[in-house]
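Asks: Just a sequence and a predicted model for now, questions to come.
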Amino acid sequence: MENVIVGYFSEEQAALDALAKLESMQTAGGETQIAQVGIFRKDHGMISLRRSFDSGAEADESFIGGIIGGIAGVIAGPVGTLLSVGVGGSVGTEENASHMLPDANLFWSMTLRMKDEHIAIVAVVQELEQKPLDQLFGGYEVVTERFGAAEVLEEIEHARNLQDRLEKTVRDELTAKRTALRDKKVQDLKVSLKSDFANLMAERQSLR
C-alpha cells in the first residue's frame, strides 16, 4: 500500500532520532520502502519544510517525487495561510479541533495538530504491513497518521487549483472599478478621518 505517514513531535530531539532511524530503514531496504521524507516545523503560526531527502532513484522524478514538494508548496502558500488563520481564530481551541480531526485531510490535520516549535516528519512509503513503521514511531511520544498517497496527490492538485482561483479572484477584485457603494464608503471614511484629525488636534491643544 502506498501511503503518506505523518508523525507529529513536540520535541526536536525525538524527531531527529526518529529521522535517523527512518534513514537507516531506507538504506537497509526490506518490505517497507521509503521513497521520500520531509521534515516540517511550525514557527509563529506558519508551517514550513526544513529538510527533505529521497531515495535518489528515478522514481523521485515521478509522481512520488512531487509529494513532499507539493505539500510544502500548499502548506506555505495562500491555502495554508488561510488554514492557519482559521485555526488561530474560531477553530483554534483543542476542544474545537478534536472533533474535526477524524474527517480532516492532510493539510487540515497538519494545521490543526501542529503547535509552534512542533515538528512533523512526513514520509512517502510503500508498506506491505504497517507494523515496522508503527514500531519505529511507537518508541516516542508521537501522534501518527496515514493517508493514501494517491489521495494526497489529488489533494495537492485540488489545493493548487483552489489557490489559482483565489489569486485570480483577489486580483480581479482589487483591480475592479469602484462601485457606487464603494464610492460612498470612501466619502464616509473621509468624513471619519477629518473628525479623527480634528479630535487629535483638539487633544494636543488642550495639553499645551
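Replies: Nice, thanks for sending it over.
Asks: you'd agree Leu153 is up against Ile67?
Replies: Yes. Assessed by CB atoms under 8 Å, Leu153 is found in contact with Ile67 at 6.4 Å. All C-beta atoms are positioned from the backbone trio N, CA, C, and that covers glycine.
Asks: and the helix or strand encompassing Val125, which strands flank it?
Replies: Per DSSP states H and E: Val125 is located in strand 119-126. Strand pairing for strand 119-126, determined by DSSP bridges: strand 2-9 (antiparallel), strand 33-43 (antiparallel).
Asks: Most tightly packed of those strands?
Replies: strand 2-9 (a mean of 22; mean count of other CB atoms under 10 Å).
Asks: mind checking how far Val125 is from Gln33?
Replies: With distances taken as CB to CB, to the nearest Å, Val125 is found 6 Å from Gln33.
Asks: low-scoring stretches of this protein, by residue?
Replies: 29, 55-63, 85-104 (pLDDT under 70).
Asks: Spatially nearest residue to the spatially most central residue of the chain (excluding sequence neighbours)?
Replies: With distances taken as CA atoms, centre = their mean, the residue of the chain nearest its centroid is Ile75 (3.2 Å). Excluding its sequence neighbours, the residue lying closest to Ile75 (CB to CB, 6 or more residues apart in numbering) is Ile47, at 4.9 Å.
Asks: Now do the helix or strand hosting the one you found against strand 119-126, angle only.
Replies: If you go by DSSP H and E, Ile47 is part of strand 46-54. Calculated by axes from the mean of the first three to the mean of the last three CA atoms, to 10 degrees, strand 46-54 forms an angle of 40 degrees with strand 119-126.
Asks: Adjacent strands (with direction) for strand 46-54?
Replies: Here, using DSSP bridges, strand 46-54 pairs with strand 33-43 (antiparallel).
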